[in-house]
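Q: below are the sequence and a predicted model for it; my questions follow.
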Amino acid sequence: MTEIIKMTGEPDFEALSEAASALAGGSLVAIPTETVYGLGANAFIPESVNEIFKVKGRPQDNPLIVHIDNLDMLSSVVSEVPKRAIPVMEKFWPGPLTLIMKKNPLLPSEVTAGLDTVAVRMPSSKVARLFITLAGVPVVAPSANISGRPSPTKYEHVLEDFDGKIPYIIDGGASEIGLESTVLDLTSDTPVILRPGGVSYEELKEVLGHVKYDEGLINESVKPKSPGMKYKHYAPKAEMFIFEGESASKKIEEMLSQLNAEGKKTGVITMSDRKFDSCHVLSLSCEPYAYAAGMFDALRQFDALGVDVILAETFKETDGLKAAIKNRIYKSAGGKVILC
């Protein structure tokens, strides 16, 4: 039986401390962060790290992100901190930015999928950082979902996938951002974005001067240096199509008519209050941060409704957070995108 530890309303600090001690000793604990919920383990216990891969059904060649609560803990994870990392950490930590640096040789290779680099971040979630402080160890924490499923932004999502499979889930409320962190590689000559997320290309460029996107975002034959760069991710159970452009609503209506004629149960994600007949409709805001916060929850709602096909309207632009939204929702649909 999985225990739910409430940290909203009247926080249960005693139970939180108990769960932190359990993680330090080798147990798995699902923790809330500002991005999504993570499935946490002690980064220095290889058996616990391997248990994450087993429980999630995650491929072993997909590296994990290590979470720390303060800069003093960073030296146990990385062997050196590049000079250009300093202004980035000062600007964006704690927050939704993961940095790739050279790993500390003492860090188990299971964490990094055999790479000599490690992904590390300091979450801005106060509950997450308090938990790491209580545990006293760096915490590896990939998204707390079955591999390939939509990422969890509420404790209920974690419970749906892992009830009875892990001892603790910490309920910290809904994730503020709703998308995984940006991953930035600082080991290359030019800093490289391996995964877009809560910190945008434009924001990083302002601090670093030069930054680029990695080829691995579009070429899956490249060995991943970061989580989220390989395999289909974030997918609902239903087949999914993405629509973007000025005539997206019209194209959705046309496809709905065809699907209804075939007897398909359909769901529509729209960025307006527009009504669509004979389907389930979930309206997400045209404001990127609100859209991001509700996107994965919408996919799980459609799973619960048992729809056969999801038609989702999204942004055509790629500035700011929209780049991360498009990266995730394209992967959710397996690349089925209809330009309107």
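A: Structure's in. What do you need? Note that the structure is a prediction, hence the values are computed from the model and not measured.

Q: just the endpoints, please. Distance across stretch 200-214?
A: End-to-end distance of stretch 200-214 (C-alpha to C-alpha, to the nearest Å): 14 Å.

Q: give the contact list for Ala238.
A: If a contact means C-beta atoms under 8 Å, 6 or more residues apart in numbering, then Ala238 has Gly267, Phe302, Asp303, Val307, Asp308, Val309, Ile310 as its contacts. Bear in mind the C-beta positions are built from the backbone N, C-alpha and C, glycine included.

Q: how close does it sit to Lys265?
A: From Ala238 across to Lys265, the span is 9 Å (C-beta to C-beta, to the nearest Å).

Q: repeat for Glu14
A: Glu14 sits 46 Å away from Lys265, taking C-beta to C-beta as the criterion.

Q: more neighbours: which of these two?
A: A count of neighbours by other C-beta atoms under 10 Å puts Lys265 above the other of Glu14 and Lys265, at 16 against 9.

Q: and the pLDDT for the more buried one?
A: Predicted confidence (pLDDT) for Lys265: 96.

Q: now the one 3 residues further on
A: Note on Val268: pLDDT of 95.

Q: what comes into contact with the helix or strand containing it?
A: Assigned by DSSP states H and E, Val268 falls within strand 266-270. Under the criterion C-beta under 8 Å, 6+ apart, residues 238, 249, 252, 256, 259-260, 276, 278-284, 295, 298, 302, 305, 307-314 lie in contact with strand 266-270.

Q: before we move on, what about stretch 244-258?
A: Outside of stretch 244-258, the residues within contact range by C-beta under 8 Å, 6+ apart are 241, 243, 266, 268, 270, 272, 274, 276-279, 311, 313-316, 326, 337-340.

Q: try 6 Å
A: Stretch 244-258 is touched from outside by Phe243, Arg274, Cys279, Leu311, Glu313, Thr314, Lys316, Leu339, Cys340, with contacts defined as C-beta atoms under 6 Å, 6 or more residues apart in numbering.

Q: list the buried residues for that stretch?
A: Glu244, Ala248, Ser249, Lys251, Ile252, Glu253, Met255, Leu256 (16 or more other C-beta atoms under 10 Å).

Q: again with stretch 128-139
A: Here stretch 128-139 shows Ala128, Arg129, Leu130, Phe131, Ile132, Leu134, Ala135, Val137, Pro138, Val139 as buried, counting by 16+ other C-beta under 10 Å.

Q: just checking, what packs against the host helix or strand of the fourth one?
A: Read it as Phe131. Secondary structure assignment for Phe131, by DSSP H and E: helix 126-135. When contacts are defined as 3 or more C-beta pairs under 6 Å, 6 or more residues apart in numbering; DSSP states H and E, helix 126-135 packs onto helix 13-24.

Q: next one: the helix it packs on to chain centre, how far?
A: Mean-position distance between helix 13-24 and its chain equals 24 Å (C-alpha atoms, centre = their mean, to the nearest Å).

Q: for it, packing partners?
A: strand 3-6, strand 38-42, helix 126-135.

Q: please name every helix or strand in contact with the helix or strand following the last one.
A: Where DSSP H and E defines the elements, the next helix or strand beyond helix 126-135 is strand 139-140. Secondary-structure packing of strand 139-140 (3+ C-beta pairs under 6 Å, 6+ apart): no helix or strand packs against it.

Q: go again with 7 Å.
A: Packing partners of strand 139-140 (3 or more C-beta pairs under 7 Å, 6 or more residues apart in numbering; DSSP states H and E): strand 38-42, strand 65-67.

Q: is Asp72 in a helix, a strand, or coil?
A: With DSSP: H, G, I helix; E, B strand; the rest coil as the basis, Asp72 sits in helix.

Q: who's in contact with it?
A: For Asp72, no residue meets the contact criterion (C-beta atoms under 7 Å, 6 or more residues apart in numbering).

Q: as JSON lines, the buried residues of stretch 128-139 with distance to Gly26 and pLDDT would be great.
A: Formatted as JSON lines, the buried residues of stretch 128-139 follow (distance: C-beta to C-beta, whole Å; pLDDT from 0 to 100):
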{"residue": "Ala128", "distance to Gly26": "19", "pLDDT": "98"}
{"residue": "Arg129", "distance to Gly26": "21", "pLDDT": "98"}
{"residue": "Leu130", "distance to Gly26": "20", "pLDDT": "98"}
{"residue": "Phe131", "distance to Gly26": "16", "pLDDT": "98"}
{"residue": "Ile132", "distance to Gly26": "16", "pLDDT": "98"}
{"residue": "Leu134", "distance to Gly26": "16", "pLDDT": "98"}
{"residue": "Ala135", "distance to Gly26": "11", "pLDDT": "98"}
{"residue": "Val137", "distance to Gly26": "11", "pLDDT": "98"}
{"residue": "Pro138", "distance to Gly26": "14", "pLDDT": "98"}
{"residue": "Val139", "distance to Gly26": "12", "pLDDT": "98"}
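
Q: great, nothing more from me.
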